[in-house]
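Chemist: Provide a 3D model corresponding to the input given below.
(one chain, ligands or ions: 1)
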Amino acid sequence: MNVPFVDLKTQYLQIKEEILQGINEVLDNTAYVCGKKVKKFEEDFSKLENAKYCVALSSGTDALHTALLTIGIKSGDEVIVPVNTFIATSESISLCNGKPVFVDHDERTFNIDVNKIEEKITNKTKAIIPVHLYGQPAEMDKIIEIAKKYKLYVIEDCSQAHLSEYKGNKTGTIGDIGTYSFYPGKNLGAYGEAGAVLTNNEELFNSMLRFRQHGSVEKYMHDSEGHNYRMEEIQAAVLNVKLRYIESWTEKRRQAAAKYNEQLANLLKNEIIAPYCPEYVKAVYHLYVIRAKDRDKLGKYLNSKGVQNALHYPVPLHMQKAYSYLKHKEGDFPVAEKCCKEILSIPMFPEISDEQINYVCESIKSFFD
Ligand SMILES: Cc1ncc(COP(=O)(O)O)c(C=O)c1O
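Modeler: Residues are numbered from 1 along each chain as shown. Just a heads-up that it's a prediction; the model follows:
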């Protein structure tokens, strides 16, 4: 049996008619950028995430860049960011000429270790970016407490965590701004590049709205310089269809994770560690990441059995060439360095069948047998 890592085709076939209709409407309207469908998406997505304001954008990276420029990050400013995330999170700080300041992650949750944040704060620190990695919310109570104490902004990177909840609140508006990616493989994925920011702060909203479009709300009138970070109508048409299903797809991801947990239970003592999820969060399982003995061999074995797998992420950011200028060395972030050698992401998508889950688990068990 072949089990893909994600299966976008099966999902597309389920919603094909609605998608084609939506795209046809865009073509018939001949309005291709930031039109009615983008507006509708902003209304519906903010409602679903319990946010007052949404600005639809061209990618998750652009969303982070927009958020950080809007809160005023500039040359010399420091921004705290977990060392275990996709580079877009830290890259967006550098795009504003700021300095990413890495913090190790918590060994159980894989999110920023909130007990190691304060030691990294200096008089140049302006913001913290918690990343709700793999779809699991970070420890927001403690992060907000620290941010208040030191008067820092909090930008939540929700690119992997659409609809996730922390203590009954949707992530994304617990801090000042939430940033989203709708890259095709994400829980809510467009058919190309797309992203968004959410906020409850009207002033930040208006700044981000202007920044998206060359500092302008009224055509050819520019209050400031900005960028072209507009969302395309075709992407909004796709996202509007998918918004009708995202809650049920999220539930299916949770059910799939529960089945994995159950079936892998007898390996938990020695061979693998399953994702840890505190009872006060509702994770959305963008990824299902296990830690395993002999990870490299297990990954190869699963590939040979037709089970696709991946690493998120193979090298922590401080060991990437891109950040050699920060002069970190091995041993600076011991948890990330240890975990990156053990992690393995196994297939996770809403349409994964019981047979596929059984096959993945049987394959993992047969490796250890
Ligand atoms: C945690 C995180 N932040 C930011 C991004 C960037 O999003 P995009 O690819 O839409 O620019 C991603 C996408 O992979 C991500 O996983």
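Chemist: Tell me how many other residues surround the residue in the chain that the ligand sits nearest to.
Modeler: Per Cβ to the nearest ligand atom, the residue of the chain with the smallest distance to the ligand is G60, at 2.4 Å. To be clear about C-beta, it is placed using only N, CA and C from the backbone, and glycine gets the same treatment. Using other Cβ atoms under 10 Å, G60 has 27 other residues around it.
Chemist: residues contacting it?
Modeler: Residues near G60 by Cβ atoms under 8 Å, 6 or more residues apart in numbering: 88, 157, 159, 179-183, 186, 195.
Chemist: Restricted to helices, list the residues you listed.
Modeler: Of those, the ones assigned to helices by DSSP state H are A88.
Chemist: can you tell me which of the contacts of G60 are in strands?
Modeler: When DSSP state E is applied, the contacts of G60 are split such that 157, 179-181, 195 fall in strands.
Chemist: Pick the one among those residues closest to L268.
Modeler: Nearest to L268 among the ones in strands among the contacts of G60, counting by Cβ to Cβ, is D157 at 29.4 Å.
Chemist: Can you tell me the closest non-neighbouring residue to the closest one?
Modeler: Of all residues beyond its chain neighbours, the one nearest D157 is V131 (4.2 Å), with distances taken as Cβ to Cβ, 6 or more residues apart in numbering.
Chemist: Partner strands of the lowest-mean-pLDDT helix or strand in the chain and their direction?
Modeler: For the chain, the helix or strand with the lowest mean confidence is strand 272-273, at a mean of 94 (criterion: mean pLDDT, DSSP states H and E). Strand pairing for strand 272-273, using DSSP bridges, gives strand 288-292 (antiparallel).
Chemist: And the ligand, is the partner strand touching that?
Modeler: No - Strand 288-292 is not in contact with the ligand by Cβ under 6 Å from any ligand atom; minimum separation 12.9 Å.
Chemist: Name the next helix or strand following that strand along the chain.
Modeler: Proceeding C-terminally, strand 288-292 gives way to helix 295-304 as the next helix or strand, assigned by DSSP states H and E.
Chemist: in that following helix, what counts as buried?
Modeler: Using 16 or more other Cβ atoms under 10 Å as the test for burial, helix 295-304 gives 295, 298-299, 301-302.
Chemist: Okay, angle between it and strand 288-292 too, please.
Modeler: Helix 295-304 and strand 288-292 are oriented at 130 degrees to each other (axes from the mean of the first three to the mean of the last three Cα atoms, to 10 degrees).
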